[in-house]
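*Asks:* Need coordinates for the following:
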Amino acid sequence: MFDIPKPNLDSVEIARLLKQNGAGDRCYIISWDEEIDGKELSLLTALEYAVGMGMPSIVSCISDKLAYFEAEQEVLPSPRFLLKR
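*Replies:* Alright, predicted model coming up:
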């Protein structure tokens with residue numbers, strides 16, 4: 001679990017970071033937001049929903065290997081992490 005350094009509110013930059021680590025164009029999202037939870041979306045679309053929402057989301061890019069995690073917002077900004085195995 002690697003902290004994404006601040007400023008880290010840019011969906012495009014987070015997508016770039018994930019792609020540098022092997023992410024493809026599609027991902028699976030687990031989210032507090034029922035509108036996107038359990039769906040396969042484009043990476044950028046998923047991040048545009050999740051980044052800055054203030055509630056927890058996991059964007060799975062490579063099953064069991066690479067994901068983005070945004071924790072629930074307790075202080076500004078929400079903690080954001082790259083999960084990499």
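
*Asks:* helix or strand right after the lengthiest helix in the chain?
*Replies:* Using DSSP state H to define each element, the chain has its longest helix at helix 11-20. Going down the chain from helix 11-20, the next helix or strand is strand 26-31, by DSSP states H and E.

*Asks:* Just give the strands next to that following strand in its sheet, each with its orientation.
*Replies:* Note on strand 26-31: by DSSP bridges, its sheet partners are strand 39-42 (antiparallel), strand 57-62 (antiparallel).

*Asks:* Tell me which of those strands sits nearest to residue 70.
*Replies:* Residue 70 sits nearest to strand 57-62 of all the strands paired with strand 26-31, at 5.1 Å, using C-beta to C-beta. Backbone N, C-alpha and C define where each C-beta goes, glycine included.

*Asks:* quick check, distance from that closest one to the centre of its chain.
*Replies:* In terms of C-alpha atoms, centre = their mean, to the nearest Å, the centre of strand 57-62 is found 6 Å from the chain centre.

*Asks:* any low-confidence regions in this structure?
*Replies:* Within the chain, the stretches with pLDDT under 70 are 74-77.

*Asks:* Tell me which residue is most central in it.
*Replies:* The chain has residue 68 as the residue nearest its centroid, 3.5 Å off, counting by C-alpha atoms, centre = their mean.
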